[in-house]
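Visitor: I would like the atomic coordinates for the input below:
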Amino acid sequence: MLLQEGWRLPPQIGVTCGPFFYRGRVWLGWNGVGLMTDRQTIRVARAEDAEAMAAIYAPVVVNTAISFELEPPSVEEMRQRIVSTLERLPWLVSLDNKGAVSGFAYASRHRERLAYQWSVDVTAYVREDVRGQGIGKALYLRLLEILACLGYCEAFAGIALPNAASVALHESVGFRSLGVYRRVGFKLGQWHDVGWWQRRLREAAEPSELIAFSKSAYT
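Guide: Prediction:
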C-alpha cells in the first residue's frame with residue numbers, strides 16, 4: 001500500500017497527516033523528523049519484535065526506577081502487550097542500519113472512564129548503546145502525529161524523578177510540566193516522586209470519534 005503525499009484523514013478529523021510516504025509498514029521521507037535516515041527507520045511494531053524490545057526494557061526495570069514495574073515482562077508478555085495495544089493505539093519501533101530494533105514508543109489509555117478517552121499516556125525507550133542520537137525524539141514526533149490523526153487531543157507522560165534526560169526529551173517535543181506526585185512509588189529501597197507532563201495534540205472545541213489504529217491507514 002502506498003499513500004500519496006499529503007494524505008488526509010476523513011473530514012471530521014480535520015488534520016492533514018503528512019507529507020509522508022508509506023510502504024510495507026515503513027514510512028519513507030520526512031528525514032527532518034527521522035522517519036528514515038542513514039541510521040534509523042521507524043515502522044509499526046510487530047509481534048516478532050517482542051524479544052528485542054524485552055531486552056531493551058529489562059535493564060530499565062531491574063536497575064532503575066524509570067519504570068515502576070518490579071519484574072521485567074517475559075518475551076511472551078511483551079508480545080501480548082504489542083498485539084493488544086495495536087488494536088486501538090500506535091506502537092512504533094526504530095531500526096538501526098543493521099535492521100535491529102534500537103528503540104520503541106507507544107501510547108496507552110490515560111484513564112478508564114469514558115470522558116478520558118481522547119487523552120493518552122505515551123512512553124519511549126531507547127537501546128542503551130544508541131542513546132543521545134535523537135532516536136527517542138524521532139519516535140515521539142511520529143507517535144504524536146499519528147495520535148492526532150486518530151483523533152486524540154491530549155498526551156501525558158509520567159517521569160520518575162530525577163531524570164533530566166527524559167525531561168529534556170519530552171520538553172523538546174512540546175510537553176510542558178504540570179506538577180509532581182510526591183513519594184508515589186517505592187522501588188529499589190526508596191520512595192520516588194513522579195512528575196507529569198502534558199502536550200496538546202490537536203485543537204477541538206468538541207472531540208471527534210476516535211479511529212482505532214488497527215482500522216486506520218497506518219496498518
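
Visitor: can we go C-alpha only for contacts and neighbour counts from here?
Guide: OK.

Visitor: summarise which helices and strands the strand or helix carrying residue 197 is packed against.
Guide: Element membership for residue 197 (DSSP states H and E) is strand 190-200. Contacts defined by 3 or more C-alpha pairs under 8 Å, 6 or more residues apart in numbering; DSSP states H and E place strand 190-200 against strand 154-161, strand 176-187.

Visitor: could you single out the most deeply buried of those strands?
Guide: Across those, the average number of neighbours (mean count of other C-alpha atoms under 10 Å) peaks for strand 154-161, which reaches a mean of 21.

Visitor: what angle sits between that strand and strand 190-200?
Guide: 160 degrees (axes from the mean of the first three to the mean of the last three C-alpha atoms, to 10 degrees).

Visitor: who's in contact with strand 154-161?
Guide: Residues from elsewhere that reach strand 154-161, judged by C-alpha atoms under 8 Å, 6 or more residues apart in numbering: 65-67, 110, 118-123, 144, 166-167, 192-202.

Visitor: and the very next helix or strand once past it, how far out from the chain's middle?
Guide: Of the helices and strands lying after strand 154-161 in sequence (DSSP H and E), the nearest is helix 164-172. With C-alpha atoms, centre = their mean, to the nearest Å as the basis, helix 164-172 stands 14 Å off its chain's centre.

Visitor: try stretch 87-107
Guide: Distance of stretch 87-107 from the chain centroid (C-alpha atoms, centre = their mean) equals 9 Å.

Visitor: buried sites along stretch 111-119?
Guide: Residues 117-119 are the ones in stretch 111-119 that count as buried (16 or more other C-alpha atoms under 10 Å).

Visitor: and the residues you listed, which of them are in helices?
Guide: Taking DSSP state H, every one of the buried residues of stretch 111-119 sits outside helices.

Visitor: just those: which are in strands?
Guide: Among the buried residues of stretch 111-119, the residues falling in strands (DSSP state E) are residue 119.

Visitor: would you map the strands across this protein?
Guide: Going by DSSP E, the chain shows strands at 21-23, 26-28, 41-44, 91-95, 101-109, 119-126, 154-161, 176-187, 190-200.

Visitor: same list, those strands, but as TSV with mean pLDDT and distance to residue 60 please.
Guide: TSV is the format used below for those (pLDDT from 0 to 100; distance: least, C-alpha to C-alpha, whole Å):
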stretch	mean pLDDT	distance to residue 60
strand 21-23	36	32
strand 26-28	43	27
strand 41-44	94	22
strand 91-95	97	17
strand 101-109	98	13
strand 119-126	98	9
strand 154-161	98	12
strand 176-187	98	12
strand 190-200	98	15
